[in-house]
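Engineer: With the input below, show me the fold.
(one chain, ligands or ions: 2)
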Amino acid sequence: MTFSSDNLIGGERVPGAGAPWRAVEAATGSALEPAFASATAEQAERACALAAEAFDTYRETPLQARADFLDAIARNILDLGDDLVTRCMAETGLPRPRIEGERGRTVGQLRMFAEVVRRGAFLGLRVDPAQPERKPLPRPDLRLRRIAVGPVLVFGASNFPLAFSVAGGDTASALAAGCPVIVKAHPAHPGTSALVGGAIQRAVAECGLPAGVFALLFEEGIAIGQRLAADPRVAAIGFTGSRRGGTALMQIAATRATPIPVYAEMSSINPVVLMPAALQARGAEIGKAFVASLTLGSGQFCTNPGLVLAVDGPGLDAFLAAASEALPNVAAATMLTPGIHKAYCEGVAALESNPAVERVAQGQEGTGQQGQPVLFATTGAAFRADHRLGEEVFGAASLVVRCADTNELRAVLEGLEGQLTAALHMDPSDHVETRGLLPVLERKVGRILVNGFGTGVEVGHAMVHGGPFPATSDGRTTSVGSLAIDRFLRPVSYQDMPEALLPEALTDANPAQLPRSVDGA
Ligand SMILES: NC(=O)C1=CN([C@@H]2O[C@H](COP(=O)(O)OP(=O)(O)OC[C@H]3O[C@@H](n4cnc5c(N)ncnc54)[C@H](OP(=O)(O)O)[C@@H]3O)[C@@H](O)[C@H]2O)C=CC1
Ligand SMILES: O=C(O)CCC(=O)C(=O)O
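Structural biologist: Numbers count the residues shown, from 1 in each chain. Ligands and ions are numbered 1, 2, ... in the order given. Predicted coordinates:
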C-alpha cells in the first residue's frame with residue numbers, strides 16, 4: 001500500500017521539512033515506511049489563513065450540502081478498505097476486530113452528525129416577535145440562531161486512532177457545526193492519519209467546498225501544535241490525551257490575546273462501586289466481567305475501570321477471588337507506544353512499592369512493548385491518606401479499595417477528582433443506599449452507569465463523555481454524541497433586522513421549515 005506522507009493543506013499535498021521520522025510498528029518496534037517530515041511554521045500559518053478564509057463560506061453552506069459532505073467523508077473512509085485496517089493495526093498494535101469496530105463507530109458518528117445537520121435543531125432558532133403596542137415600552141423583534149465559532153484545532157488521540165482522531169468525534173462535530181478543522185496528527189499513527197486525512201480532503205473537493213475547510217499537519221513534537229493553538233485565527237481546540245498535554249494547551253489558550261475554549265479529555269480512573277446486595281448475590285460474576293473490561297484494548301481506554309470501591313466482607317472476597325482467577329489467563333498485550341508502555345510500567349512500579357498497597361493478581365508476563373495486567377488492593381484509610389493512589393495509571397491496572405463501611409466509601413468518593421464515568425453494581429435491595437451516593441456521583445462524573453462498565457461508549461443523543469476536571473477541561477459538555485456539536489457553536493441575536501437581511505432560517509417564511517421556538521414555546 002502506498003500513500004502520501006505530505007501535509008494536507010488547501011486541497012494540496014505539501015511536504016514537510018526537517019529530519020524525517022517514521023511510524024513504528026507497535027508489536028515489533030521496527031520502522032514503517034514512508035518517512036514523514038514535520039510541518040513548518042509557514043505551513044501552519046497557511047493552514048490557519050486558509051481556514052479563516054473558508055470560514056464564512058463554509059458556515060453558510062446549505063445544511064443538506066454540509067450533511068452530504070459528512071456522508072462523503074464516511075464513504076471515502078470505507079472506500080479505503082483493508083489498507084486502512086492493516087496500517088492502523090501495524091501502527092497501534094490493536095487487533096483487527098477492534099480496528100474494524102472503531103472504523104464502524106467513526107463512520108456511524110459522521111453519519112449521525114449528518115443527520116443532526118439535516119434536522120437543523122442544533123441551530124437553536126428562536127423568535128420573539130416584536131410587540132409594538134406593548135406598554136410601557138414596545139418590545140423589539142428578536143431572532144436568534146447559533147453560528148459556528150470559527151476554525152477548530154483538533155489533536156488526534158493515540159488510543160483511538162480512528163474514532164478520536166483525524167475524522168473522529170471532535171472533527172465530525174466541528175465540521176457539522178460549520179467550523180473548518182485543522183488536525184495535528186498524533187505521531188503514533190501518521191499513516192492511519194494520512195489515509196483518513198486523504199479521505200476528508202477528497203470529500204472537500206467532491207463537495208465543491210473551499211479547500212481551507214480541512215488541513216492535516218504532521219509533527220513529531222509539540223512546537224507546531226503549540227503554534228497552532230496560539231494562532232489568533234483558531235477559535236477552539238479539541239484534544240484527547242494526557243493531563244500534561246491538555247493542561248499545557250489550556251494554558252496557551254487562556255493566555256492568548258484572545259483566549260479560546262479548550263475541550264480536552266484527559267485523565268480518569270472511573271470508579272466502580274460494588275453495592276453490598278449485588279456483591280453478595282453475584283460477586284464472582286462481577287469479578288469476571290470486571291477483568292474483561294479492565295483488560296480490553298490493553299486497558300488503554302480513558303473509561304478503563306481503574307478504581308473499585310466496596311465495603312469489605314465476603315462479597316468483596318468473592319469478587320476478588322473471581323478476578324484473581326480470571327486475570328492470570330489474560331495475555332499481556334502490545335501497548336500503543338513505547339512512551340505509553342513506559343508510563344504504564346512506572347505507574348505499576350509505584351503501586352508495587354507503596355507499602356499500603358498489595359498486589360492481588362496479575363496477568364501473563366509480556367515481552368517488548370506489552371503491558372502486563374495487574375490488580376492491586378488497599379484500604380479506604382490508606383487511599384484517603386495518599387493522593388497518588390488516585391492518579392491514573394493508563395493501561396490495564398486497577399486498585400480495589402476495601403472500605404470499612406458505607407460512610408468511608410462515600411468519603412472516598414467525595415475525595416476523588418472529576419471522572420468520566422462511575423459504574424454502580426447493584427441489586428434492587430441496594431437502591432436505598434445507592435440513592436444516598438447519587439448526589440456525590442452527579443457532582444463528580446459525567447456518566448453514571450448501572451451493572452456494566454464504562455468502556456465502549458455508545459455514540460448517541462443522550463450520551464455524555466465528559467466530566468469535571470481533570471476528566472475534561474470543561475465538564476459542561478461532551479466529546480461523544482450529538483451534544484458535542486454545542487462546543488463549537490455560539491448564539492447571535494438579531495434585533496429589528498429587516499427581513500431581507502435576516503438569515504433565511506430566521507425569516508417569517510422559514511423556507512426549510514427548520515424547527516424553532518416562538519416566544520419560548
Ligand atoms: N485520558 C485519555 O483519554 C488518554 C490519556 N492518555 C495519557 O497520555 C499519556 C501519553 O499518551 P499520548 O497519547 O501520547 O498523549 P499526549 O498528551 O502526550 O499527546 C497527545 C497529543 O498532544 C500533543 N502534545 C502533548 N503535549 C503537548 C504540549 N505540551 N503542547 C502541545 N502539544 C502537546 C502530542 O504531540 P507529540 O506526541 O508529537 O509530542 C500529541 O499529538 C498516556 O500514557 C496516558 O497517560 C493518552 C491517551 C488517552
Ligand atoms: O470507551 C470508549 O469507547 C471511549 C474511550 C475514550 O474516549 C478514550 O479512551 O479516549
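
Engineer: ok, the residue of the stretch 1-150 of the chain found nearest ligand 1 to A211 distance?
Structural biologist: Using C-beta to the nearest ligand atom, S38 is the residue of the stretch 1-150 of the chain that sits closest to ligand 1, at 8.7 Å. Glycine gets a C-beta too; all of them are placed from N, C-alpha and C. Relative to A211, S38 is positioned 22 Å away (criterion: C-beta to C-beta, to the nearest Å).

Engineer: Return stretch 370-384 as CSV; C-alpha atoms alone will do.
Structural biologist: Listed in CSV are the C-alpha atoms of stretch 370-384, where the atom choice follows Å, rounded to 0.1, in the frame of the first residue of the first chain:
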residue,chain,number,x,y,z
GLN,A,370,3.4,-5.5,26.0
GLY,A,371,1.6,-4.4,29.2
GLN,A,372,1.0,-7.0,31.9
PRO,A,373,-2.4,-6.5,33.5
VAL,A,374,-2.4,-6.2,37.3
LEU,A,375,-4.9,-5.8,40.1
PHE,A,376,-4.0,-4.1,43.5
ALA,A,377,-5.8,-3.6,46.7
THR,A,378,-5.6,-1.1,49.6
THR,A,379,-7.8,0.2,52.4
GLY,A,380,-10.1,3.2,52.5
ALA,A,381,-7.9,4.9,55.1
ALA,A,382,-4.7,4.4,53.0
PHE,A,383,-6.4,5.6,49.9
ARG,A,384,-7.6,8.8,51.5
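
Engineer: A37 against G16, yeah?
Structural biologist: Yes: between A37 and G16 there is a contact under C-beta atoms under 8 Å: 3.4 Å.

Engineer: Could you list the contact residues of the protein toward ligand 2?
Structural biologist: 157, 159-160, 164, 240, 301-303, 455-457, 465 (C-beta under 6 Å from any ligand atom).

Engineer: just the buried members of those?
Structural biologist: Neighbour counting by 16 or more other C-beta atoms under 10 Å classes 157, 159-160, 164, 240, 301-303, 455, 457, 465 among those as buried.

Engineer: Show me the residues you listed that map onto strands.
Structural biologist: Using DSSP state E, the members of these that fall in strands are T240.

Engineer: Could I get the buried ones among the residues of the chain next to ligand 2 in CSV, plus columns for distance to N270 and pLDDT?
Structural biologist: Rendered in CSV, the data for those read as follows (distance: C-beta to C-beta, whole Å; pLDDT from 0 to 100):
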residue, distance to N270, pLDDT
A157, 17, 98
N159, 14, 98
F160, 16, 98
F164, 16, 98
T240, 15, 98
F301, 9, 97
C302, 8, 97
T303, 6, 98
T455, 9, 97
V457, 12, 96
H465, 12, 98
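
Engineer: Within reach of ligand 1, which of the buried ones among the residues of the chain next to ligand 2 are there?
Structural biologist: The overlap between these and the neighbours of ligand 1 (C-beta under 6 Å from any ligand atom) comes to 157, 159, 240, 302.

Engineer: Only the buried residues of stretch 21-28, if you could.
Structural biologist: The neighbour-count criterion (16+ other C-beta under 10 Å) identifies 21-26 as the buried residues of stretch 21-28.

Engineer: Out of those, the closest to G10 would be?
Structural biologist: For these, the closest approach to G10 (C-beta to C-beta) belongs to W21, at 23.7 Å.

Engineer: what stretches of the chain score poorly on pLDDT?
Structural biologist: Across the chain, the stretches falling below the confidence threshold (pLDDT under 70) are 1.

Engineer: how close does P373 sit to ligand 1?
Structural biologist: From P373 over to ligand 1 the distance is 16 Å, taken as C-beta to the nearest ligand atom, to the nearest Å.

Engineer: So what's the residue count around A163?
Structural biologist: The burial metric for A163, expressed as a neighbour count using other C-beta atoms under 10 Å, is 24.

Engineer: Now render the buried residues of stretch 21-28 as a markdown table, adding distance to ligand 1 and secondary structure.
Structural biologist: Converted to a markdown table, the buried residues of stretch 21-28 look like this (distance: C-beta to the nearest ligand atom, whole Å; DSSP: H, G, I helix; E, B strand; the rest coil):
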| residue | distance to ligand 1 | secondary structure |
| --- | --- | --- |
| W21 | 10 | strand |
| R22 | 14 | strand |
| A23 | 12 | strand |
| V24 | 12 | strand |
| E25 | 17 | coil |
| A26 | 13 | coil |
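
Engineer: and of those residues, the nearest to P511?
Structural biologist: If you rank the buried residues of stretch 21-28 by distance to P511 using C-beta to C-beta, A23 comes first, at 49.1 Å.

Engineer: contacting residues for that closest one?
Structural biologist: A23 makes contact with 31-32, 36, 90-91, 187-191 under the criterion C-beta atoms under 8 Å, 6 or more residues apart in numbering.

Engineer: could the residues of the chain next to ligand 2 go into JSON lines alongside distance to V440?
Structural biologist: Conversion of the residues of the chain next to ligand 2 to JSON lines gives the following (distance: C-beta to C-beta, whole Å):
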{"residue": "A157", "distance to V440": "29"}
{"residue": "N159", "distance to V440": "28"}
{"residue": "F160", "distance to V440": "29"}
{"residue": "F164", "distance to V440": "28"}
{"residue": "T240", "distance to V440": "26"}
{"residue": "F301", "distance to V440": "24"}
{"residue": "C302", "distance to V440": "21"}
{"residue": "T303", "distance to V440": "19"}
{"residue": "T455", "distance to V440": "22"}
{"residue": "G456", "distance to V440": "25"}
{"residue": "V457", "distance to V440": "22"}
{"residue": "H465", "distance to V440": "20"}
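
Engineer: Let me know the closest of those residues to ligand 1.
Structural biologist: C302 (2.9 Å).

Engineer: Quick check: the closest one touching G395?
Structural biologist: No: with contacts counted by C-beta under 8 Å, C302 stays clear of G395, the gap being 11.6 Å.

Engineer: The contacts of A23 in helices, which ones?
Structural biologist: When these are checked against helices (DSSP state H), the matches are 90-91, 190-191.

Engineer: possible to save the residues you listed as CSV with neighbour count?
Structural biologist: Formatted as CSV, the ones in helices among the contacts of A23 follow (neighbours: other C-beta atoms under 10 Å):
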residue, neighbour count
A90, 20
E91, 26
P190, 26
G191, 25
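
Engineer: Surely P261 touches T477?
Structural biologist: No: shown here, P261 and T477 do not form a contact pair, counting by C-beta under 8 Å, at 9.1 Å.

Engineer: any common contacting residues for these two?
Structural biologist: Common contact partners of P261 and T477 (C-beta under 8 Å, 6+ apart): R487.

Engineer: Helices of the stretch 251-400 of the chain, start to end?
Structural biologist: Along the stretch 251-400 of the chain, counting by DSSP state H, counting those that start in this stretch, helices occupy 276-295, 314-326, 338-352, 380-385.
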